[in-house]
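1. Requesting a structural model of the entry that follows:
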Amino acid sequence: MNTPASSPLVRIRDLVKDYHRGPEVIRVLDGLSLDIEAGDFVALMGPSGSGKSTLLNLLGALDRPTSGVLEVQGLELGGLGDAELARWRAGNVGFVFQMHNLMPVLSAERNVELPLLLTSLPADERIARARAALKLVGLEDRARHRPGELSGGQEQRVGIARAIVTDPTLLLCDEPTGDLDRKSGDGVLDLLSALSEQGKTIVMVTHDPRAATRARRTLHLEKGRLEREA
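-> Predicted coordinates for the structure are as follows:
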């Protein structure tokens, strides 16, 4: 679906997310409103429990809001059924996690190929795209290596290659440098910055102020509300 030039890629209005713990209702997001433009690089910061990861999960269609509007490219995600939501997520969202979540028995190339197994692409096209993604993250020479043969920074680069192999609308990163030393973390942030410069829309949860400075915008959440923007 094409989005009018004047419309943001992501439009969030009065977003509420409640969880139930027995009879208790816990409000994690409390009337949050936010626009994210195509090609933006946004860092989400705030204390534990502020709603950062919950917002990321809602953007990635891993969960549903309790109320409010959550639109991506003009599509209201809350109006989709489970099967439609899964299909949308597979085609539009790439996830990068703190723990790389790579399959240890598979090569880097095969790990990157995994999201494409949900598509109708033939095997040779899947491999070609996986190799192209690895080249983009600077690991074409490690395509046949298994995760145990890679450094932590290289594993995270494989994770990023896997996230972008489907050319997603949104790249969602949850503490992508949290398990890395400073040098490896800087390399991952350099890569995310380069992807942003190429037009990829990135939302990154982080506790690290140094990592947040690499984003174009930093949003601070507190008790489920957007407190301020840097």
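2. Low-confidence stretches in this structure?
-> Across the chain, the ranges flagged by pLDDT under 70 are 1-6, 228-230.
3. what distance separates stretch 214-226 from the middle of the whole chain?
-> Relative to the centre of its chain, stretch 214-226 is centred 15 Å away, using Cα atoms, centre = their mean, to the nearest Å.
4. Next, the distance between the ends of it.
-> 20 Å (Cα to Cα, to the nearest Å).
5. With stretch 164-178 instead?
-> One end of stretch 164-178 to the other measures 20 Å (Cα to Cα).
6. for stretch 166-185, same thing?
-> 24 Å.
7. hey, which helix is longest across this structure?
-> Longest helix of the chain, by residue count under DSSP state H: helix 182-197.
8. other SSEs contacting that helix?
-> Contact partners of helix 182-197 among helices and strands, from 3 or more Cβ pairs under 8 Å, 6 or more residues apart in numbering; DSSP states H and E: strand 41-45, helix 152-164, strand 170-174, strand 201-205. Just so you know, the C-beta spots here come from the backbone N, C-alpha and C atoms, and that holds for glycine as well.
9. go with 10 Å
-> Applying 3 or more Cβ pairs under 10 Å, 6 or more residues apart in numbering; DSSP states H and E, one finds that helix 182-197 makes contact with strand 41-45, strand 93-96, helix 123-136, helix 152-164, strand 170-174, strand 201-205, helix 209-212.
10. okay if I get the ones you listed as a markdown table plus mean neighbour count and distance to Thr54?
-> A markdown table is the format used below for these (neighbours: other Cβ atoms under 10 Å; distance: least, Cβ to Cβ, whole Å):
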| stretch | mean neighbour count | distance to Thr54 |
| --- | --- | --- |
| strand 41-45 | 23 | 10 |
| strand 93-96 | 22 | 15 |
| helix 123-136 | 17 | 29 |
| helix 152-164 | 24 | 20 |
| strand 170-174 | 23 | 11 |
| strand 201-205 | 24 | 10 |
| helix 209-212 | 17 | 18 |
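11. which stretch among the ones you listed comes nearest Gly224?
-> Closest to Gly224 of these, according to Cβ to Cβ: strand 41-45, at 12.3 Å.
12. neighbouring strands for the closest one, and are they parallel or not?
-> strand 201-205 (parallel), strand 217-222 (parallel) (DSSP bridges).
13. circling back to that earlier point, export the helices and strands packed on helix 182-197 as TSV, with columns for distance to Leu56.
-> Shown next, in TSV, are these (distance: least, Cβ to Cβ, whole Å):
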stretch	distance to Leu56
strand 41-45	7
strand 93-96	9
helix 123-136	22
helix 152-164	13
strand 170-174	5
strand 201-205	5
helix 209-212	15
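14. So which of the ones you listed is nearest Glu109?
-> So among those, helix 123-136 is nearest, using Cβ to Cβ, at 5.1 Å.
15. Need the contact partners of that closest one.
-> With contact meaning Cβ atoms under 10 Å, 6 or more residues apart in numbering, helix 123-136 is reached by 107-117, 119, 121-122, 139-143, 157-158, 160-167, 191, 194-195, 198.
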